[in-house]
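S.K.: Need the 3D shape of this:
(3 chains)
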Amino acid sequence: MKLPRAFYERSPLEVAPELLGKFLVHVTPEGTATGQINEVEIYSQDDPASHTFRGKTPRNAVMFGKGGFAYVYFTYGMYFCMNVSTETEGIGSGVLIRSCIPVEGIGFMQQRRGKSVHLCDGPGKLCQAFGLTREHNGIDLTTSAELFIEDRGVQIEKYTLTPRIGISVATDKLWRFVF
DNA sequence: ATTGGGATCGTCT
DNA sequence: GACGATCCCAATA
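M.R.: Numbers count the residues shown, from 1 in each chain, chains lettered A, B, ... in the order given. So this is what the prediction gives:
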């Protein structure tokens, strides 16, 4: 079943480990892409590595909204990354979906990813494989029939904490969750 | 297996 | 005007 608002409206430290093992689903006219989330990172309001650290802007506004919305941003001139907003309205926090295991729609993913064998194992690759772009920024994952996260009864008992990837500050924090 | 450079542009200083 | 919450390819070892 689809994750409800209450799941997201908690501290990202609580949300992140529970997102591991859940299923990201994107329904498109060509077909449905599904993947099991296996790597996430936390970005909170008072975190110098977070887009929200210097306050609300048009770009990061979704992170400051209610929990359970997709924050999809454009980066490095050519890639998109997807987060889910966490905590209540006014708090700029979220969880970056970094990687997932392809489950359904692998043919579409390969088509979108071209020659590469690496379909979903990275935030930019994941968005490309799932066909996620700026159009998906701001989608309510708790009500959308197009983009949402499902609980299919899988519980991840064992996971690893590491520093986050690709940041230059707060590198001591173990805010990356992998299983 | 690891390293280094290039692509490419929106966002914020 | 500088710099990314990245990725890919080529060169090195």
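
S.K.: For stretch A:165-176, list every residue counted as buried.
M.R.: A:Ile167, A:Ala170, A:Lys173, A:Trp175, A:Arg176 (16 or more other CB atoms under 10 Å). From N, CA and C alone the C-beta is placed, and that goes for glycine too.

S.K.: which two from these end up farthest apart in space?
M.R.: For the buried residues of stretch A:165-176, the farthest-apart pair by CB to CB is A:Ala170 and A:Arg176; their separation is 11.6 Å.

S.K.: between the two, what contacts are shared?
M.R.: Here A:Ala170 and A:Arg176 have A:Arg164 as joint contacts, going by CB atoms under 8 Å, 6 or more residues apart in numbering.

S.K.: is it possible to export the buried residues of stretch A:165-176 to CSV including distance to DNA strand C?
M.R.: Below are the buried residues of stretch A:165-176 laid out as CSV (distance: CB to the nearest atom of the strand, whole Å):
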residue, distance to DNA strand C
A:Ile167, 5
A:Ala170, 11
A:Lys173, 13
A:Trp175, 11
A:Arg176, 10
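
S.K.: So which of these are in strands?
M.R.: Secondary structure assignment (DSSP state E) places A:Arg176 from these within strands.
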